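**Q** Return a 3D structure for these sequence lines:
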Amino acid sequence: MSGHSKWSQIKRQKGVTDAKRGQVFTRLAREISVAARSGGGADPNANFRLRLAIQRARESNMPMENVDRAIKRGAGGGDGAALEEVTYEGYGPGGAAILVEAMTDNRNRTASEIRNAFAKGGGNLGESGSVSWIFEAKGVITIEPGKRDPEEIALLAIDGGANDVKPDIDAFEVYTEPSDMEKVRKALEDQRVSITSAEVLMQPKTSVFLKEKEAVQALKLVDRLEELDDVQKVYFNADFESDILEQV
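**A** Predicted coordinates:
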C-alpha cells in the first residue's frame, strides 16, 4: 500500500463483496454498540465515536431501526456489553506489517481464528507492539469531485483544517488529525462538496514493496482475515503494482 490510496482502492472494490457476505451491517452494529457503551453514552451529539459510527451506517444504507437497536443494545447492556475491542499484530508474506482490529465476546476463540488465518496465509501472528508503531491514526474523508474544480476542493479542505489532500483514481482523499475530522467534514459539506465517506483509519508511516507472488499472497491473507466474523478492520503496509488488484 503506497500511502493510503491503494488501500482505498481495495476498500471500494471489496465493499460490494462484503455487503453480499452480510458482514457490513454486523460490523457496523458492533461498532455502534461499543461506541454507545463507552466514551460519551448513547447521545451522538455528545459522543463523537458514536456519531461517526452512525454516519458510516447511513453511508452503507443500514436501516435506522438496526442503528437504534444497536444503540440500545450498547447503552443497556446485553450483547453489546459483552463485546470488547482487541488488536492483533503480525506479519504477512514478504514481511508486510498487518494490524487487525477485532470485537469479540471470546478472546480465546478470536485469537485462535486469527492465528490460523495468519498461518494458512503464509504469515505469522506477532506480539503486542510488534507492528503497531508502523501505523498512525488519521481521519480520512473521501470525496467524489464530480464537476467541481479539484484545486478548489483541495483549497476548501485545507482552509477547513485538513493536513493533506491526495488525488485517487476517481476520488480525492482528505487527511486530517482524528480530532479535526468532524470539523473538516462539516466545512466541506457547508460548501456542498460531495462526501463519500469519513472515518478514522490507521495509516502506515512506511511501506514494503512486494513482488507479484508475495503481493497476491498478502492480499489473500488480508481477505482471509476479513472473512472472520470478529474482525472489524485490517490494515497493512504493502506496496505493489496496481494491476495485481485486478488479479485478486
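
**Q** elements contacting the helix or strand harbouring R224?
**A** Using DSSP states H and E, R224 falls within helix 212-226. With contacts taken as 3 or more Cβ pairs under 8 Å, 6 or more residues apart in numbering; DSSP states H and E, helix 212-226 sits against helix 5-21, strand 97-104, helix 107-120, strand 231-236, strand 238-239, helix 243-247. For glycine as for every other residue, the C-beta is placed from the backbone atoms N, C-alpha and C.

**Q** Select from those the stretch with the lowest mean pLDDT.
**A** Mean pLDDT is lowest for helix 5-21 out of these, coming in at a mean of 51.

**Q** What are the buried residues along the helix or strand just after that one?
**A** Next helix or strand after helix 5-21 toward the C-terminus (DSSP H and E): helix 23-37. Going by neighbour count (16 or more other Cβ atoms under 10 Å), the buried part of helix 23-37 is 23-25, 27-37.

**Q** same question, stretch 64-72
**A** Those would be 67, 70-72, for stretch 64-72 by 16+ other Cβ under 10 Å.

**Q** Ok, stretch 118-134 next?
**A** For stretch 118-134, burial by neighbour count (16+ other Cβ under 10 Å) applies to 118, 121, 123, 125-126, 131, 134.

**Q** Restricted to strands, list those.
**A** The strands, defined by DSSP state E, take in L125 from the buried residues of stretch 118-134.

**Q** Which secondary structure element of this protein has the lowest mean pLDDT?
**A** helix 5-21 (a mean of 51; mean pLDDT, DSSP states H and E).

**Q** List the beta-bridge partners for S197.
**A** On the basis of DSSP bridges, S197 is bridged to T142.
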